[in-house]
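# Quick one, what's the 3D model for this:
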Amino acid sequence: MTSAPLARPDPPTASELYVVLDSDDRLSYVSVGLQDELGGWVGHVLWDHLPGAREIYGPGFEEARSTGQAVERVVFYAGRAKRLTAIPAPDGLAVHIERIAALDVRTLGTLAQSLARIAEALGAREPAQPDLPARASLRALP
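Next up, the predicted model:
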């Protein structure tokens, strides 16, 4: 008797990955797809667990609250690119998370591959005019 291989569950979709923040950016709810990572943070201010993230995530959250409109931003924090959609409500802010890619820094090759995936996901294009080469010197700076 042969058994069928165990099916791996599909990774959570962006609609399954979300948190709800109150007006003080305290987590009041964490979706099932984020329970393992963020479930222990419920009742805590988000910024207490993500050093330096307020400057990256905060402006989009504040824009959503002040305009009353959903705000979508692509952010890069802690080696990961994510698309966040902040949706305001009278009692808080729902933040949907789409994971775009993570940097893999094990080797230069894996770093190049992960940067290419991020660029592809963001629809990056070649700049109109390439950057000028940097001047090189073997002399040490004083």
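
# For the chain, which segments are assigned as helices?
Listed in chain order, the helices of the chain (DSSP state H) span 35-38, 54-67, 108-122.

# Flag every buried residue along the longest one.
In other words, helix 108-122. Ser114, Arg117, Ile118 (16 or more other Cβ atoms under 10 Å). Every C-beta, even on glycine, is put in place using the N, C-alpha and C of the backbone.

# so the first one makes contact with Ile100?
No. Contact between Ser114 and Ile100 fails when scored by Cβ atoms under 8 Å: they sit 10.5 Å apart.

# returning to that earlier point: pLDDT-wise, what's the bottom of the buried residues of helix 108-122?
Ranked by pLDDT, those bottom out at Ile118, which scores 79.

# List the residues that contact it.
Ala81, Ile100, Ala101, Leu103, Ala124 (Cβ atoms under 8 Å, 6 or more residues apart in numbering).

# And the buried ones among the residues you listed, selectable in PyMOL?
In PyMOL, a selection of the buried entries from those looks like this (16+ other Cβ under 10 Å):
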select buried, resi 81+100+101+103
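
# Kindly indicate which of the buried residues of helix 108-122 lies nearest Val95.
Ile118 (20.4 Å; Cβ to Cβ).

# Could you measure from the closest one over to Asp104?
Distance, Ile118 to Asp104, using Cβ to Cβ, to the nearest Å: 11 Å.

# Now do the strands for the chain: every range, in order, please.
18-21, 27-30, 71-77, 80-89, 92-102 (DSSP state E).

# contacts for stretch 18-38?
Against stretch 18-38 from outside (Cβ under 8 Å, 6+ apart): 12, 16-17, 39, 41-47, 58, 61, 65, 91-97.

# For the residue minimising distance to the centre of the chain, give the beta-bridge partners.
Nearest residue to the geometric centre of the chain (Cα atoms, centre = their mean): Lys82, 2.8 Å. Lys82 has these beta-bridge partners by DSSP bridges: Val75, Arg99.

# contacting residues for it?
Val74, Val75, Phe76, Ile97, Glu98, Arg99, Ile100.

# which among those end up buried?
Val75, Ile97, Glu98, Ile100.

# where's the third one relative to Asp24, distance?
Between Glu98 and Asp24 the computed distance is 25 Å (Cβ to Cβ).
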